[in-house]
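Asker: Quick one, structure for this:
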Amino acid sequence: MTRPPSRRLRILTWHVHGNYLYYLSQVPHDFYLVTRPPDASGHIPPGYAGKVGALPWGDNVHEVPFHAVAEHHFDAVLYQHRAHWEHDRLTTLSAAQRTLPTVYLEHDPPQEHPTNTLHWVQDPNVLLVHVTPFNELMWDNGITPTRVIEHGVHLPMPARYSGELARGIVVVNHLRKRGRRLGADVFDTLRTQVPLDLVGMGAQDAGGIGEVGNLDLPAFCARYRFFFNPIRYTSLGLAVVEAMTIGMPIVGLATTEMSTVIHSGHNGYVDTRPDALADAMHTLLHDPALARRWGDAARETARTRFGIERFVADWLDAFDTVMATRKEAA
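Answerer: Sure, this is the predicted structure:
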């Protein structure tokens, strides 16, 4: 059992990554999401959507309009995007709120130089949380203290791998627009050799099926023989961990944190050679029993490394740390 928090906190944050925010909301604190109204074209600016979508948000998730943030009482602030750190921190929060215990959650590895990029949060009083050890290693964190809290997954709609469809499934949003970093060319090359389907926002632009809703995605993927991740350089995707959670074997590039999560011949197959990946995919297509064994091992990896109880405990400890540090400084 996860220990209860030392006290329930009111935490200001933003809706940056929906599924991650839903898993974060399993932490027994109250989360207040900054919202903004739609712009002239009817679109809500990124990061300000609030409690939208089909995810079953709990009673501990609240909304606060951006213009009212300064009037509210919070115990801590959790930033998740550079724009909110550099803009909202100065224009939306009050002077007193800017001195609250602060965490910056960095979801990605550096997008510019992979080793020599100084993180924009340079403050010894802020805790910089990375979601993978690889990310923490690659960022130049400077004077800001860091820790790693790896993903934790708790599917709101459980599913179980069946694998009867002799095809691979790829889950990437806006793959065509995001190009080589997300592996658009890798996908294009391998789909000529292996039957692969792509889902996600903008998937039709890359010859894919389209978007599948958050709640429906695990069951949709479960029918496929394997999950393929073509991404060269990004964080360990939640879609990968969610696929592992339902018992899918994973095939992907042996880059970033993927090389420590997937062990070839055990819970999937990773390599830096596309031809070797194609061979592994063909093996899985022709050997459903092997695919199921690898998938069972993937589910066990997800249970032991990415369980929601560990994730919640890590976040409780992180918030306790920043609260205690700020109290000592005062």
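Asker: what are the ranges of the helices in the stretch 151-300 of the chain?
Answerer: 175-178, 184-191, 217-222, 238-245, 258-261, 274-286, 288-305 (DSSP state H, counting those that start in this stretch).
Asker: Could you say which of those is packed most deeply?
Answerer: helix 238-245 (a mean of 25; mean count of other CB atoms under 10 Å). Yep, even glycine has a C-beta here, placed from its N, CA and C like the rest.
Asker: Tell me how far it lies from the chain's centre.
Answerer: With CA atoms, centre = their mean, to the nearest Å as the basis, the distance from the averaged C-alpha position of helix 238-245 to the chain average is 10 Å.
Asker: which residues touch it?
Answerer: 17, 19-20, 151, 153, 155, 169, 171-172, 217-218, 221, 227, 229, 250, 252, 258, 261, 267, 298-299, 301-303, 306 (CB atoms under 8 Å, 6 or more residues apart in numbering).
Asker: Give me the neighbour count for Ala70.
Answerer: 13 (other CB atoms under 10 Å).
Asker: returning to what we had before: using TSV, lay out the helices of the stretch 151-300 of the chain together with distance to Ala54 and mean pLDDT.
Answerer: TSV is the format used below for the helices of the stretch 151-300 of the chain (distance: least, CB to CB, whole Å; pLDDT from 0 to 100):
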stretch	distance to Ala54	mean pLDDT
helix 175-178	22	95
helix 184-191	27	97
helix 217-222	11	97
helix 238-245	15	98
helix 258-261	27	98
helix 274-286	31	98
helix 288-305	22	98
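Asker: Identify whichever of those helices lies nearest to Gly50.
Answerer: With respect to Gly50, and counting by CB to CB, the nearest of the helices of the stretch 151-300 of the chain is helix 238-245 at 19.9 Å.
Asker: and the angle from the closest one to helix 288-305?
Answerer: 110 degrees (axes from the mean of the first three to the mean of the last three CA atoms, to 10 degrees).
Asker: what does the lowest-mean-pLDDT helix or strand in the chain rub up against?
Answerer: In the chain, no helix or strand scores lower on mean pLDDT, DSSP states H and E than helix 308-329, which sits at a mean of 90. For helix 308-329, the surrounding residues in contact (CB under 8 Å, 6+ apart) are 1-3, 5-6, 9, 11, 23-24, 26-29, 75-76, 100-103, 125, 127, 129, 147, 149-154.
Asker: From Asn19, how far off is the residue positioned nearest the centre of the chain?
Answerer: Compute the mean C-alpha point of the chain, and by CA atoms, centre = their mean the closest residue is Leu238, 4.5 Å away. Leu238 sits 5 Å away from Asn19 when distances are taken as CB to CB, to the nearest Å.
Asker: Report how many residues lie close to the closest residue to Val186 other than its chain neighbours.
Answerer: Closest residue to Val186 apart from its sequence neighbours, by CB to CB, 6 or more residues apart in numbering: Pro230 at 4.1 Å. When neighbours are counted by other CB under 10 Å, Pro230 registers 24.
Asker: Please identify the buried residues of the least confident helix or strand of the chain?
Answerer: Residues of helix 308-329 classed as buried: 308, 310-316, 318-320, 322-323, 325-326 (neighbour count, 16 or more other CB atoms under 10 Å).
Asker: All good on my end, thank you.
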